[in-house]
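> This is a predicted model, with the sequence first.
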Amino acid sequence: MESEASRIVSMMYDHDWFSQWLGIERLVVENGRCTLRMKVRKEMLNGFGILHGGIAFSLADSALAFASNSHGRKSVSIEASMSYISQVKEGEIITAFASEISLGNKIGIYHIPVRSESADIAFFKGIVYRTGKEWMEK
């Protein structure tokens, strides 16, 4: 049986055209956690022939959205930052691992390392505002 967290993330993903364009696969969806994976395509490379930082940021941002909304309350990003530490080439698989650091009534904080198959490539920190709106009627 599908969990409520998985149902919420499926509803989000079904209307998230950008995450679909990225080719994101959902590997883990649990309350406060989400693991996403994608393959780097040629059109995702910058002028140096390596993964554009905005693509890695977008993968982590999607993991933030899914992890923070998994509790059932609609949450929106209010701050995010990313440090890049390694480059990625076309054809590589990258994975984002979102985990909840702090969850309050109004604010949630998440840490999201992004890794290739062989190395850490970036570290993302995201803060969300938790609205009073629910995804599912109780």
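It's in.

> Going along the chain from the helix or strand hosting residue 61, find the next helix or strand for me.
Here residue 61, judged by DSSP states H and E, is contained in helix 53-69. Heading C-terminal from helix 53-69, the first helix or strand you meet, by DSSP H and E, is strand 73-84.

> Three-state assignment for the residue nearest to residue 86 when sequence neighbours are not counted, please.
With sequence-adjacent residues excluded and distances taken as CB to CB, 6 or more residues apart in numbering, residue 86 is closest to residue 121, at 4.4 Å. Just so you know, the C-beta spots here come from the backbone N, C-alpha and C atoms, and that holds for glycine as well. Under the three-state scheme (DSSP: H, G, I helix; E, B strand; the rest coil), residue 121 adopts strand.

> can you pull the contacts of residue 121?
51, 56, 84-88, 94, 114-115 (CB atoms under 8 Å, 6 or more residues apart in numbering).

> Nearest to residue 63 among those residues?
Closest approach between the contacts of residue 121 and residue 63, by CB to CB: residue 114, at 8.5 Å.

> Help me confirm that that closest one comes into contact with residue 93.
No - the criterion here is CB atoms under 8 Å, and residue 114 misses it with residue 93 at 11.3 Å.
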